[in-house]
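No sequence on hand, only this structure:
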């Protein structure tokens, strides 16, 4: 799900490398019907789904000579992850859009390779409960959560004292608050270490991404947020660490390459051999760590506040951030406006302490509307 994005294309790289292990039976995309058609011709899935109705006709025309079912819309997307010939769903849709398709796939008993962190940010309690009820494994694809997952292999989570979630610090790690008032979307999209999609790259620049990953870690590893510490590690070599009750710390290291955690999730519990370059420690003269600055990067603080309050507050924060990121990418608000927008929407949106899935859908709509109304005042 999300085959034309950064995670999707890299997942297909691995499927192409391992045709004896994997087959892409369904591909879904949002708007990029041209790339989806190219992928379908190469991988010959049974079904492709395009979310954008305007892309349906050209996609069907592009694939008319092939026996591939071509569909569009939310019903087709819901079916895509539930088909009988699907074993694993790589959930790499962007933002809130990943929640319902992932829930549907869990209810259908499919294993989830989760790259869409907003699924657990918005509905962590519901999603993890459903996974337990249906006996579904959620395998993390984010590099940080994959690192934590690997560090916990052979360990009891009750023996873990603290999780250290590493962050690169993004392109503005050394910028002053005054400098960040003037940064552009083009600057924010130039991440120093990782090659990611636009949304997650902006979230990385604001450290919202790390806040979301903290919330995701809370649910993936059943760990209270006060036991999760965010540490800025500019080299992006140590992907995360776990400290145990005896004082021992395990870390997982590797080059900043998303093929590594994707490969681990697809092959788990086995490791799939790779010819990609490995880490040469001699080339790493220094690995440094520092505390995040919540004054310059308030979005991380808002994430801790949201998960501390619980209920639908993370959903509210996510919706405000999605609106803010779209506005920043279109030069409608300054970079620090992301934090100002989030703070106001978190104050104004209705709080629900124990939301249902339908409550979360309604919350997302309400918070999105409030964020769009608020944009005009912070431009």
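Perfect, I can see it now. In this text the structure is predicted, and so the values were computed from the model without any measurement. Residues are numbered from 1 along each chain as shown.

Mean confidence (pLDDT) on stretch 362-379, please.
The predicted model gives stretch 362-379 an average pLDDT of 91.

how much space between residue 9 and residue 83?
Counting by CB to CB, to the nearest Å, the gap between residue 9 and residue 83 amounts to 22 Å. C-beta: built from backbone N, CA, C; applies to glycine.

can you give me the end-to-end distance of stretch 318-337?
Using CA to CA, to the nearest Å, the end-to-end distance of stretch 318-337 comes to 15 Å.

can I assume residue 230 sits in a strand?
Yes. The assignment for residue 230, made by DSSP: H, G, I helix; E, B strand; the rest coil, places it in a strand.

Okay, and the beta partners of it?
Taking DSSP bridges as the rule, residue 230 bridges to residue 165.

who's in contact with it?
In this structure, residue 230 makes contact with 165-167, 210, 214, 292, 300, judged by CB atoms under 8 Å, 6 or more residues apart in numbering.

and residue 22, helix, strand or coil?
Of the three states, residue 22 takes coil under three-state DSSP.

Of the contacts of residue 230, which belong to strands?
In this view, those that belong to strands under DSSP state E are 165-167.

would you list these in JSON lines and tack on pLDDT?
Converted to JSON lines, the ones in strands among the contacts of residue 230 look like this (pLDDT from 0 to 100):
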{"residue": "165", "pLDDT": "98"}
{"residue": "166", "pLDDT": "97"}
{"residue": "167", "pLDDT": "96"}
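
Not counting sequence-adjacent ones, nearest residue to residue 290?
Nearest in space to residue 290, with sequence neighbours left out and distances taken as CB to CB, 6 or more residues apart in numbering, is residue 232 at 4.8 Å.

What helices and strands are in contact with the lowest-mean-pLDDT helix or strand in the chain?
Least confident element among the helices and strands of the chain, by mean pLDDT, DSSP states H and E: helix 74-80 (a mean of 88). If you count contacts as 3 or more CB pairs under 8 Å, 6 or more residues apart in numbering; DSSP states H and E, helix 74-80 packs onto strand 26-29, strand 47-50, helix 99-107.

can you rerun that using 10 Å?
strand 26-29, strand 47-50, strand 69-72, helix 99-107 (3 or more CB pairs under 10 Å, 6 or more residues apart in numbering; DSSP states H and E).

Let's have the ones you listed in JSON lines, adding distance to residue 133, mean pLDDT and mean neighbour count.
Written out in JSON lines, the entries for the helices and strands packed on helix 74-80 read as follows (distance: least, CB to CB, whole Å; pLDDT from 0 to 100; neighbours: other CB atoms under 10 Å):
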{"stretch": "strand 26-29", "distance to residue 133": "24", "mean pLDDT": "97", "mean neighbour count": "25"}
{"stretch": "strand 47-50", "distance to residue 133": "26", "mean pLDDT": "97", "mean neighbour count": "26"}
{"stretch": "strand 69-72", "distance to residue 133": "28", "mean pLDDT": "97", "mean neighbour count": "19"}
{"stretch": "helix 99-107", "distance to residue 133": "9", "mean pLDDT": "94", "mean neighbour count": "22"}
